[in-house]
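1. Provided below for reference: sequence and predicted model.
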Amino acid sequence: MRANIHKPHWNRLHWPFITGLVVATAIGSAWATGWRVNMTPSEPMGIYRMMPLAADTLIRRGDLISFCPRVKLEPFMVHGSCPNGGAPFLKEVIGVPGDMVDVTAAGVTINGRMLPMSRPIAHPKDWPGLTLPVDFGETKLLPEQYWAYGSGLPKYSFDSRNWGVVGRADVLAVQRSSR
């Protein structure tokens, strides 16, 4: 009696393979042309079109920037391509060169105007035992320095309140403000 041997049906993988290849190509193309998906509440969730930062690009108040912060990788940060091992952040530029920024326990002021819900977060409720750095004090933003702020839901944002200024050299891309 002959054993019933089942031969693999590799042809069944033909369409799933093609579909996967098309999806991967579409995602790669979207990423390469500047499209980003934001799933965090620090900026409104959605799809953003970021433009690479050119040498002559002026970064303005209200622009969104994608950048690599110079902080250690925190447990809530997504792993990615930044030098610290994390993924680039997406934040609003709220302070530009020449602005005076003051961080106190009560919140952040830019040129004397208090930002809404800007009290620094040193001990996030969702991460017991975690202590975040807080950059207290006054800072006058120098040329090529910016203050990044999670304006979508600032009371939960990890931003310049925690690590200080963002240097132009750390900015990867920008989306112009519609304001």
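-> In hand now; what should we look at? Owing to the predicted nature of the structure, the values given are computational and were not obtained by experimental measurement. Residues are numbered from 1 along each chain as shown.
2. from here on, contacts and neighbour counts on C-alpha atoms
-> Will do.
3. just the strands in the chain please.
-> 35-38, 46-49, 51-52, 64-67, 89-95, 100-104, 107-110, 113-114, 137-140, 145-149, 166-167, 171-175 (DSSP state E).
4. with only the CA atoms kept, save the fifth one in PDB.
-> Coordinates of each C-alpha in strand 89-95 appear next as PDB, following Å, rounded to 0.1, in the frame of the first residue of the first chain:
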ATOM      1  CA  PHE A  89       9.200  62.900  17.600                       C
ATOM      2  CA  LEU A  90       6.500  65.100  16.000                       C
ATOM      3  CA  LYS A  91       5.900  68.300  17.900                       C
ATOM      4  CA  GLU A  92       4.800  71.900  17.400                       C
ATOM      5  CA  VAL A  93       7.400  74.700  17.400                       C
ATOM      6  CA  ILE A  94       6.200  77.100  20.100                       C
ATOM      7  CA  GLY A  95       9.400  79.000  20.700                       C
END
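5. possible to save the strands of the chain as a markdown table with mean pLDDT, mean neighbour count and distance to residue 124?
-> Output for these, formatted as a markdown table (pLDDT from 0 to 100; neighbours: other C-alpha atoms under 10 Å; distance: least, C-alpha to C-alpha, whole Å):
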| stretch | mean pLDDT | mean neighbour count | distance to residue 124 |
| --- | --- | --- | --- |
| strand 35-38 | 71 | 14 | 21 |
| strand 46-49 | 78 | 14 | 24 |
| strand 51-52 | 88 | 16 | 32 |
| strand 64-67 | 92 | 24 | 22 |
| strand 89-95 | 93 | 24 | 18 |
| strand 100-104 | 96 | 20 | 17 |
| strand 107-110 | 95 | 20 | 16 |
| strand 113-114 | 96 | 14 | 21 |
| strand 137-140 | 94 | 15 | 21 |
| strand 145-149 | 95 | 25 | 17 |
| strand 166-167 | 96 | 20 | 22 |
| strand 171-175 | 92 | 21 | 26 |
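6. next, format those strands as a markdown table and append distance to residue 127.
-> A markdown table is the format used below for the strands of the chain (distance: least, C-alpha to C-alpha, whole Å):
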| stretch | distance to residue 127 |
| --- | --- |
| strand 35-38 | 21 |
| strand 46-49 | 25 |
| strand 51-52 | 34 |
| strand 64-67 | 24 |
| strand 89-95 | 19 |
| strand 100-104 | 22 |
| strand 107-110 | 21 |
| strand 113-114 | 27 |
| strand 137-140 | 25 |
| strand 145-149 | 21 |
| strand 166-167 | 25 |
| strand 171-175 | 28 |
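7. for these, which one sits closest to residue 73?
-> Counting by C-alpha to C-alpha, residue 73 lies closest to strand 89-95 out of the strands of the chain; the figure is 12.1 Å.
8. and the closest one, what does it pack against?
-> strand 64-67, strand 145-149 (3 or more C-alpha pairs under 8 Å, 6 or more residues apart in numbering; DSSP states H and E).
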